[in-house]
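Visitor: pasting the sequence and the predicted coordinates here, then a few questions.
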Amino acid sequence: MKWSLPATALALILVNTGAARADPRLDEVVYSPYIQNGVAELEVRNAQALGGPIGGSATTVLEAEYGLNDRFSLALVGTVARDPDRSLGLYGIGLEGIAYLGQIPAVGVDTSVYLEYTKGLRGQDDVLESKLLFAKTSGRFQGLLNLILERPLGVPAGQGFGSYGYAASATWETVGALRLGAEAVGDLGDDHAFLGRQGAYVGPQIKWEGHIGSSKYDLGIDAGWLAAVGTDRNEASSQVRIALELERRF
């Protein structure tokens, strides 16, 4: 594969960020609990809302991760966004860690715990985010589920309540390394109102990963179109998402 494909896709991601507004939900992604020892990963992902009051909002996340061993990885994460009343810039930088816990007996579900501290920039709150990551792989099928808790730090008393959410995907290996399936991201409420009627985005997903020619790098592509359901239909009609991931083993 020639470098023109990833370079073109990366350029489109960055252009979309510069032309749109930011919305917090757009930075979400479905994480796998698996850790690759000695593998460095650089990921760029972008999500953009279509239609509705927040149509055109976009967020780009840049993440650099390294697998320290078979059970632990660390990453630096940056969030780039633009609002009509804000210039394009870096609005958060964080440190992320994932620890593999093992497989749940009998059901064969792999689990990890995720923790991220984000330092808010340009007036944004600092945030502590934790996740439980689950994966079930059976033949060509793989299901991923993330349960999410996010809590702002250093805010006035009574405003530091947690918000709960999820991100999930189900994909099947089809031809070669091509995977097709569905993805969903949504809310589960907060400390004041947990569960109940919540919104989400759900839709088709396509994933591919392969080696780049004779180089030492692997390239991964993840794209999807998610339609708004429930209360989220009041803010946008859908989302488009694309992510590029470059890997190298050391």
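Guide: Now that the structure is in, tell me what you want to look at.

Visitor: give me the nearest residue to the residue nearest to the spatial centre of the chain, chain neighbours excluded.
Guide: In the chain, the C-alpha nearest the mean C-alpha coordinate belongs to Val29, at 1.8 Å (Cα atoms, centre = their mean). Closest residue to Val29 apart from its sequence neighbours, by Cβ to Cβ, 6 or more residues apart in numbering: Arg45 at 6.1 Å. Just so you know, the C-beta spots here come from the backbone N, C-alpha and C atoms, and that holds for glycine as well.

Visitor: give me the three-state assignment for the one you found.
Guide: strand (DSSP: H, G, I helix; E, B strand; the rest coil).

Visitor: also the one 10 residues further on?
Guide: Using three-state DSSP, the three-state assignment for Gly55 comes out as coil.

Visitor: re the thing from before, test my guess that the residue nearest to the centre of the chain contacts Glu245.
Guide: No. Here Val29 does not reach Glu245: they are 10.5 Å apart, not a contact under Cβ atoms under 8 Å.

Visitor: hang on, the earlier thing: how near is the residue nearest to Val29 to Gly181?
Guide: Distance, Arg45 to Gly181, by Cβ to Cβ, to the nearest Å: 17 Å.

Visitor: again, but for Pro33
Guide: Here the distance between Pro33 and Gly181 works out to 17 Å (Cβ to Cβ).

Visitor: more neighbours: the two, which one.
Guide: Relative neighbour count places Pro33 above the other of Pro33 and Gly181, with 24 against 19, counting by other Cβ atoms under 10 Å.

Visitor: dihedrals phi and psi, the more buried one?
Guide: phi -80, psi -10 (degrees, to the nearest 10).

Visitor: can you give me the helices for this structure?
Guide: Here the chain has its helices, by DSSP state H, at 4-18.

Visitor: counting neighbours, what do you get for Ser215?
Guide: Look at Ser215: counted by other Cβ under 10 Å, it has 11 neighbours.

Visitor: wait, I meant Arg122
Guide: Residues near Arg122, counting by other Cβ under 10 Å: 11.

Visitor: that'll do, ta.
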